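# sequence and predicted structure, then a few things I'm wondering about:
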Amino acid sequence: MLLLGLLLLLILLAGTRLLWGQWKLRSLHLPPLVPGFLHLLQPNLPIYLLGLTQKLGPIYRLRLGLQAVVVLNSKRTIEEAMIRKWVDFAGRPQLLSYKLVSQRYQDLSLGDYSLLWKAHKKLTRSALLLGIRNSMEPLVEQLTQEFCERMRAQASAPVAIQKEFSFLTCSIICYLTFGDKVTEDTLVHAIQDCVQDLMRTWEHWSIQILDIIPFLRFFPNPGLWRLKQAMKNRDHIIEKQLRQHKESMVAGRWRDMTDYMLQGLGRPTVEEAPGQLLEGHVHMAMVDLFIGGTETTASTLSWAVAFLLHHPEIQQRLQDELDRELGPRALGSTVPFKDRARLPLLNATIAEVLRLRPVVPLALPHRTTRPTSIVGYDIPKGTIIIPNLQGAHLDETIWEQPHEFRPDRFLYPGASPSTLAFGCGARVCLGEPLARLELFVVLAQLLRAFTLLPPAGALPSLQPQPHCGVNLTMQPFQVQLQPRGAGTPGLGERQ
């Protein structure tokens, strides 16, 4: 009886809060409101949200539980918010699930906008772009070559390529973050398993529902217990590496990103940020690097392979382009990333994969830091904003035949607009330069070494998992990697 009374009280309080919120907004010119409360249950949510624009236009409001959010579905509205009015839209909602994984230190991806957050971002960006700028490309090329050699050793058997890409991208982040301390695959496997476990647990409905109905955290929740265990494992791995780095670090020199960030804690920042960057901020920056730099890039590489399996004619053209630039079947030769314009079709293919399958299709939600507006609509302070990146990439008013895989649309300067796959503005993905380097190097070396074939003619599905979390995950598939060594016929020759 007591439980029923408590439930009725909570419903009454929620209803009162909803009515009060509506009363306060009565004088504003708000975007149209979509009826209903169960939108999160829709399969292929980005496509569903795009479909609503046919009646409501590119910007509208809808309710996720009791929380009203504003959805942006066009390149114009997203860029107005995130670039031209970036200060207004740079915040993050402080959801319960965010607080759970961030613990006492806000990380970069989930942390709210502040001067301390800007200092944290600057330190991490400097470590990624300045601290290791001379070693990044050679390392990616070396690890990709080793990856190709492993694939060649099992070329006769179908390969679960997603798993292999995941190990490769995790290896790259491990080496950049921990340096030559990573001498065995054991640590890479441990971090790979940790990242996958953490994301799988965090994206489970038993955790995400806490953002909609926070009081459920007081009830027994096995998912919450599993999340805490995954975080404990995560923190144990990172704290051990931090401790080893502090014990062996030499002042004024850095071997990797961890050294750089630890030594950067005492440096003055441009702004006088309230508070101070501490070791915990380095800890959470490393978490962000692993979460944002492994499965995301591995997923994009997997989508690229899947599309090329469906379009062997484009795969053949890519191999012809590589052969023209590097010589027929040359082994070990590469195109430097700074000279990537020499491979226009490869660049166009990467751009088209990112357009059709942005790995985080709804980005991460933003929050307005002050009252503002978008295309004439009033947006109150504290409003949660969802940029539908995939929806903007499928806008028929911008893209010709938007659902078709057509890399050629990017081959002519000015013919197609740039994509928003990595976000834009203050919250643009910090790992974009590394991700673009990896996509270019891995696909170039993979297509130089192998022809991609569907095992027994079984093509992978090009439809994502219907109910995804943050990432746009694909259904598992296998690929046969046919070596292109001397004497091995190419794809066009076999056909």
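Looks like it arrived, so ask away. Residues are numbered from 1 along each chain as shown.
# need phi/psi at Leu176.
phi -70, psi -40 (degrees, to the nearest 10).
# that one: how many residues sit nearby?
23 (other Cβ atoms under 10 Å). The way it works is simple: take the backbone N, C-alpha and C, and place the C-beta from them, glycine included.
# just confirm it contacts Asp256, I think it does.
Yes - counting by Cβ atoms under 8 Å, Asp256 is a contact partner of Leu176 at 6.4 Å.
# what sits in contact with each of those two?
Ile132 (Cβ atoms under 8 Å, 6 or more residues apart in numbering).
# does Leu472 touch Leu354 like I think?
No - counting by Cβ under 8 Å, Leu472 does not reach Leu354; the two are 11.0 Å apart.
# tell me which element the nearest residue to Ser299 once chain neighbours are set aside is part of?
When the adjacent residues along the chain are set aside, Ser299 lies closest to Val359, with 5.0 Å between them (Cβ to Cβ, 6 or more residues apart in numbering). For Val359, there is no enclosing helix or strand under DSSP states H and E.
# got phi/psi on Val359?
phi -70, psi -30.
# from Pro387, how far off is it?
14 Å (Cβ to Cβ, to the nearest Å).
# and the two? Which one has more around it.
Taking neighbours as other Cβ under 10 Å, Val359 and Pro387 compare with Pro387 leading, 31 against 25.
# what's near enough to touch that one?
Leu72, Ile78, Ala81, Met82, Leu362, Ala363, His366, Leu420, Gly423.
# between those residues, which is nearest Ile47?
Leu362 (11.1 Å; Cβ to Cβ).
# so what pLDDT did the nearest residue to Leu354 once chain neighbours are set aside get?
Nearest residue to Leu354 in three dimensions, chain neighbours excluded: Ala421, at 3.8 Å (Cβ to Cβ, 6+ apart). As predicted, Ala421 sits at a pLDDT of 91.
# for Ala421, give its distance to Val71.
18 Å.
# and Ser299, by the same measure?
In terms of Cβ to Cβ, Ser299 sits 23 Å off from Val71.
# which of those two has more neighbours?
Between Ser299 and Val71, counting by other Cβ under 10 Å, Val71 is the more crowded of the two (27 against 22).
# one step back: which of the contacts of Pro387 fall within helices?
Counted as lying in helices by DSSP state H, out of these, are Ile78.
# of all the contacts of Pro387, which comes closest to Pro31?
So of the contacts of Pro387, ranked by how close each gets to Pro31 (Cβ to Cβ), first place is Leu72, at 9.5 Å.
# just confirm the closest one contacts Ile59, I think it does.
Yes - in this structure, Leu72 is within contact of Ile59 by Cβ under 8 Å, at 5.7 Å.
# mind listing the shared neighbours of the two?
Ile374.
# hang on, the earlier thing: okay if I get the contacts of Pro387 as JSON lines plus neighbour count?
Shown next, in JSON lines, are the contacts of Pro387 (neighbours: other Cβ atoms under 10 Å):
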{"residue": "Leu72", "neighbour count": "29"}
{"residue": "Ile78", "neighbour count": "26"}
{"residue": "Ala81", "neighbour count": "27"}
{"residue": "Met82", "neighbour count": "24"}
{"residue": "Leu362", "neighbour count": "19"}
{"residue": "Ala363", "neighbour count": "24"}
{"residue": "His366", "neighbour count": "28"}
{"residue": "Leu420", "neighbour count": "23"}
{"residue": "Gly423", "neighbour count": "19"}
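# from what I see, Asp197 and Ala230 are in contact.
Yes - taking Cβ under 8 Å as the definition, Asp197 is a contact partner of Ala230 at 4.9 Å.
# returning to that earlier point: closest to Glu149 out of the contacts of Pro387?
Closest to Glu149, out of all of the contacts of Pro387 and judged by Cβ to Cβ, is Gly423, at 34.7 Å.
# which residues does that closest one contact?
Contacts of Gly423 (Cβ under 8 Å, 6+ apart): Met82, Val360, Ala363, Pro387, Leu389, Cys429.
# in strands only, show me the contacts of Pro387.
Leu72, His366 (DSSP state E).
# got CSV for the contacts of Pro387, with distance to Leu33 too?
Output for those, formatted as CSV (distance: Cβ to Cβ, whole Å):
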residue, distance to Leu33
Leu72, 15
Ile78, 20
Ala81, 19
Met82, 23
Leu362, 19
Ala363, 22
His366, 19
Leu420, 25
Gly423, 26
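# got the confidence number for His189?
Per the predicted model, pLDDT is 88 at His189.
# residue numbering should commence at 4 henceforth.
With the count now opening at 4, the last piece we talked about shows up as His192.
# spatially nearest residue to it, not counting backbone neighbours?
His192 sits nearest to Phe170 (Cβ to Cβ, 6+ apart), 7.5 Å away.
# report the contact partners of the one you found.
Applying Cβ under 8 Å, 6+ apart, the residues contacting Phe170 are Val191, His192, Gln195.
# so the last one lies in a helix, does it not?
When you say that, I think you mean Gln195. Yes - per DSSP: H, G, I helix; E, B strand; the rest coil, Gln195 lies within a helix segment.
# what is the burial count for the nearest residue to it once chain neighbours are set aside?
Excluding the flanking residues, the one nearest Gln195 by Cβ to Cβ, 6+ apart is Cys173, at 4.4 Å. For Cys173, the neighbour count with other Cβ under 10 Å is 26.
# I'd like the distance from the strand or helix carrying Cys173 to the chain centre, please.
Using DSSP H and E, Cys173 sits in helix 164-181. If you compare the mean C-alpha spot of helix 164-181 with that of the full chain, they lie 15 Å apart, counting by Cα atoms, centre = their mean, to the nearest Å.
# in that helix, what's buried?
164-165, 167-181 (16 or more other Cβ atoms under 10 Å).
# now swap in stretch 377-392 and tell me
Here stretch 377-392 shows Ile377, Tyr380, Ile382, Pro383, Thr386, Ile387, Ile388, Ile389, Pro390, Asn391, Leu392 as buried, counting by 16+ other Cβ under 10 Å.
# is it true that the third one touches Pro374?
This means Ile382. Yes - with contact defined as Cβ under 8 Å, Ile382 reaches Pro374; the gap is 7.2 Å.
# all good on my end, thank you.
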